[in-house]
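J.: Mind folding the following:
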Amino acid sequence: MYAKCGDMNASKRMFDEMPQRNLVSWNAMIVGFVRNKLYDKAIWTFRALLLDGSVSPDQVSISSVLSACANSGGLDFGRRVHAHVVKLGLESVAYVKNSLMDMYSKCGRFEEALGLFDIMNERDVVTWNTMMMGWVQNDHFEEACSCFQAMMREEILPDEATFSTVLHASASLAAWGQGAAIHTLIIKTGFGDETPSKCRIVDSYDCSLPAAWPW
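T.: Residues are numbered from 1 along each chain as shown. Presented below is the predicted three-dimensional model:
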């Protein structure tokens, strides 16, 4: 409760007073620190979980600490977490692989994120979004658009993050034909009906849609 309200000091006091800590309590602290952007403390808590040794981390622990590494540039510790993922046999869990891809991409090791993507048997929308964002962050806008097209061929339903990313890539390339096609797809999938979604998508396109395109 305290963590969700942003009071991590109170959460930490309660955690420290616990005579016994189960995985749920450890995860609550790690997730709470990440949600409140206290990434170093999330990593420290994960380290403490490993040192405690009474319970093993699960995919929630792993994904949360990888998010902390991704947002703090903690590549070295992220690699150690990756090794722990293999040790725990969690490397086949899509949720964990997506988190690993995100960590490597945000820490400047996009080629490693791409390597993970290439060996994945099952890819969900988060997987594809992570790849597209990685291409965009590295200024490879054509590859981001190609990734979107491949996602469509795989019949993966795009979400708002997908559209935001591919519209940014299309705008950067001044690919108006593709932008028009994506605009049509946005309407078909219903994202054009909601004002908040509409505003975020237009903002992501950096006001570069032709004025004649009505919403």
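
J.: Domain parsing of this protein, as residue ranges.
T.: 1-120, 123-215 (automatic domain parsing).

J.: could you dump these to JSON lines with mean pLDDT and mean neighbour count?
T.: Bear in mind the C-beta positions are built from the backbone N, C-alpha and C, glycine included. Formatted as JSON lines, the domains of the chain follow (pLDDT from 0 to 100; neighbours: other Cβ atoms under 10 Å):
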{"stretch": "domain 1-120", "mean pLDDT": "91", "mean neighbour count": "17"}
{"stretch": "domain 123-215", "mean pLDDT": "76", "mean neighbour count": "17"}
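
J.: which stretches of the chain form helices?
T.: Using DSSP state H, the helices of the chain run over residues 8-17, 23-35, 39-52, 59-72, 75-88, 94-106, 110-119, 125-137, 141-153, 160-173, 176-189, 195-204.

J.: Which neighbouring elements make contact with the second one?
T.: Same thing as helix 23-35. helix 8-17, helix 39-52, helix 59-72 (3 or more Cβ pairs under 8 Å, 6 or more residues apart in numbering; DSSP states H and E).

J.: how about residue 37, what does it touch?
T.: When contacts are counted by Cβ atoms under 8 Å, 6 or more residues apart in numbering, residue 37 touches residue 71.

J.: go again using 10 Å as the cut-off
T.: With contact taken as Cβ atoms under 10 Å, 6 or more residues apart in numbering, residue 37 is in contact with 68, 71, 72.

J.: Could you do residue 96 as well?
T.: 58, 59, 60, 62, 63, 66, 81, 82, 85, 88, 90.

J.: Can you tell me how far the residue nearest to residue 33 when sequence neighbours are not counted is from residue 130?
T.: Once flanking residues are discounted, residue 33 sits nearest to residue 42: 3.7 Å by Cβ to Cβ, 6 or more residues apart in numbering. Residue 42 sits 20 Å away from residue 130, taking Cβ to Cβ, to the nearest Å as the criterion.

J.: Hmm, residue 132 and residue 147 touching each other?
T.: Yes - Residue 147 lies in contact with residue 132 (Cβ atoms under 10 Å); the separation is 4.9 Å.

J.: can you list residues touching both of those two?
T.: 140, 162, 165, 166, 169.

J.: just checking, the second one touches residue 128?
T.: Yes - applying Cβ under 10 Å, one finds residue 162 in contact with residue 128, separated by 6.9 Å.

J.: Check the contact lists of these two and give me the overlap.
T.: Contacts common to residue 162 and residue 128, judged by Cβ under 10 Å, 6+ apart, are 147, 148, 151, 152, 156.

J.: Closest one of those to residue 13?
T.: Of all those, residue 13 sits closest to residue 156, with 44.0 Å by Cβ to Cβ.

J.: Now do the same contact list for the closest one.
T.: 123, 124, 125, 127, 128, 129, 148, 150, 162.

J.: Since that was my last question, I'll sign off now.
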